[in-house]
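> Following is a predicted model, sequence given first.
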Amino acid sequence: MKTDELIGLLARDAGPVPARAGERRFAIALMVGVALALAWVQAAYGIRADLAAVMGTAAFWQKVAMPLSVAGTGLIVVFRLGHPGVRMGGWWLGVWLPVSLLWIWAAAVLWMAEPAARAPLVLGTTWRTCVFNVTATALPIGVALLWALRGLAPTRPALTGAAAGWLAGAVGACVYSLHCPEMAAPFVAIWYVLGMGLSAALGAVAGRRWLRW
């Protein structure tokens, strides 16, 4: 069979793709993923008893500013990676700039702190479990995003998977913050970012396997 005949045979029964099908898949993936992540945090760790009061403080919003910013730009990056030939432009900067600014802020906090206070600012009381907790919270979000991407046409599966994992890690960090008692910028700059990075690494492995077409 000639190539043209094969293409014609494959395309004969193909129908038009519904408008904004990709956007709907992403919306469904995020809603399901975030709902599962919230259920996981509630069941495994519990929501902070003082959450309502804490959410009224500037410290809480400074804590979640980085993952919220990464999530906003990361969603656009991941969606673009799911479409062949779409340029990233400056969107990659939005994925890394919030982290860089957080690191600068954390360094300034440590520099101004008394020497005896620096270790508690970095370690808090939950440093041993934070990376795992952020990654575990991100897991259902990452799986849902990979499902959404399988309905698109990513041409760089490992990179797309890593970006989806980074996005999932950012959203997972936001959800996990509803439990996490830590508020110091140095803590978030190290352990939250490591959790997001581990989620990105898992996403790269999963993407290489599941996003091929």
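That came through fine.

> now the helices for this structure?
3-12, 21-44, 51-54, 58-81, 91-112, 115-123, 127-150, 157-176, 185-187, 193-210 (DSSP state H).

> Just name whatever secondary elements the third one is in contact with.
Applying 3 or more C-beta pairs under 8 Å, 6 or more residues apart in numbering; DSSP states H and E, one finds that helix 51-54 makes contact with no other helix or strand. For every residue, glycine as well, the C-beta is placed using N, CA and C.

> how about it: buried residues?
For helix 51-54, the neighbour count (16 or more other C-beta atoms under 10 Å) marks residue 54 as buried.

> now the fifth one
Taking 16+ other C-beta under 10 Å as the basis for neighbour counts, the residues of helix 91-112 that come out buried are 91, 94, 95, 98, 99, 102, 103, 105, 106, 109, 110.

> so the first one makes contact with residue 75?
What that stands for is residue 91. No: under the criterion of C-beta atoms under 8 Å, residue 91 makes no contact with residue 75, lying 9.9 Å away.

> Just give me the closest of the buried residues of helix 91-112 to residue 210.
residue 95 (21.5 Å; C-beta to C-beta).

> The closest one is in contact with residue 164, isn't it?
No: counting by C-beta under 8 Å, residue 95 sits too far from residue 164 to count as a contact (11.8 Å).

> How much space separates the residue lying closest to residue 207 once chain neighbours are set aside from residue 154?
In space, and not counting its chain neighbours, residue 207 is closest to residue 161: 1.6 Å by C-beta to C-beta, 6 or more residues apart in numbering. Computed as C-beta to C-beta, to the nearest Å, the residue 161 to residue 154 distance reads 8 Å.

> Residues in contact with both of these two, list them for me.
Here residue 161 and residue 154 share the contacting residues 207, 211, scored by C-beta atoms under 8 Å, 6 or more residues apart in numbering.
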